[in-house]
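Asker: Okay, predicted coordinates and the sequence, questions at the end:
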Amino acid sequence: MSSVRYLPCVIFVVTCVAGFLFGAGDQYLGSLRPMLALGIWTLSVSQMSALWLLLPFAFGCTQDRPRRAMLVGLAATGAALAGYLVMTVSPMEGVPIHRFPTAAVAFAASNMLWIVGGAVTGPLFGWLGHRWRARRWWVTAAVVGGAFLFEPLARSLRGQLFGPWWVWAAEAAVGAGLLVGFAFIRAQRSGSAQAA
């Protein structure tokens, strides 16, 4: 009985740790450009929104109940935003430790749109992950794969396609690969269901 109660706690701890590391890593990747001779591609990868949607989706896929998938998705996104915030207002970015509280509040206030967006997309993509796990729902495949496939186009239309073209082409290729992979997995499940 105690192991049944223990497992839900474990997934939330793993989700929060992974989300925090993802957010901190994303912020750090974006800050490498001026520090290293890696070119602007690190900034481009750091700006990809689709990766922030894949995170709650992946953790939502671990859950067999929709409500828990939504909570896990929210936890993943919230922890990622916290990791991004902590890294942004840390000494690694030139912010003294004694200024952390005021810098954190200022950062949160100036990024409220992203925080509110994460409060919506985290549970939504967690739920989509559950739907993929439970039903191999085709809408899930279209939304997740489409986020990667069409983000470069959407950014281009808004004049926000920064960095080398190959980064965005690679993101679109990942989106196309995800769509093909989702279709293959779904077809295999349909085939095995018909054979049974």
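Answerer: Good, I have the coordinates. Residues are numbered from 1 along each chain as shown.

Asker: just so I have it, where are all the helices in this structure?
Answerer: 2-35, 41-46, 50-60, 66-88, 100-110, 112-135, 138-157, 165-195 (DSSP state H).

Asker: Let me have the ones you listed in JSON lines, adding mean neighbour count, distance to residue 94 and mean pLDDT as columns.
Answerer: Heads up, the C-betas are built off the backbone N, CA and C, glycines and all. Shown next, in JSON lines, are the helices of the chain (neighbours: other C-beta atoms under 10 Å; distance: least, C-beta to C-beta, whole Å; pLDDT from 0 to 100):
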{"stretch": "helix 2-35", "mean neighbour count": "15", "distance to residue 94": "10", "mean pLDDT": "80"}
{"stretch": "helix 41-46", "mean neighbour count": "19", "distance to residue 94": "17", "mean pLDDT": "85"}
{"stretch": "helix 50-60", "mean neighbour count": "24", "distance to residue 94": "25", "mean pLDDT": "96"}
{"stretch": "helix 66-88", "mean neighbour count": "23", "distance to residue 94": "10", "mean pLDDT": "96"}
{"stretch": "helix 100-110", "mean neighbour count": "13", "distance to residue 94": "10", "mean pLDDT": "91"}
{"stretch": "helix 112-135", "mean neighbour count": "19", "distance to residue 94": "22", "mean pLDDT": "95"}
{"stretch": "helix 138-157", "mean neighbour count": "17", "distance to residue 94": "28", "mean pLDDT": "94"}
{"stretch": "helix 165-195", "mean neighbour count": "14", "distance to residue 94": "26", "mean pLDDT": "87"}
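
Asker: Roughly how far does residue 151 sit from residue 132?
Answerer: Per C-beta to C-beta, to the nearest Å, residue 151 is found 19 Å from residue 132.

Asker: Same question for residue 108.
Answerer: Taking C-beta to C-beta, one finds residue 108 at 32 Å from residue 132.

Asker: Spatially central residue in this protein, please.
Answerer: Residue closest to the mean C-alpha point of the chain, counted by C-alpha atoms, centre = their mean, is residue 52 at 2.2 Å.

Asker: tell me the contacts of it?
Answerer: 26, 77, 80, 118, 121 (C-beta atoms under 8 Å, 6 or more residues apart in numbering).
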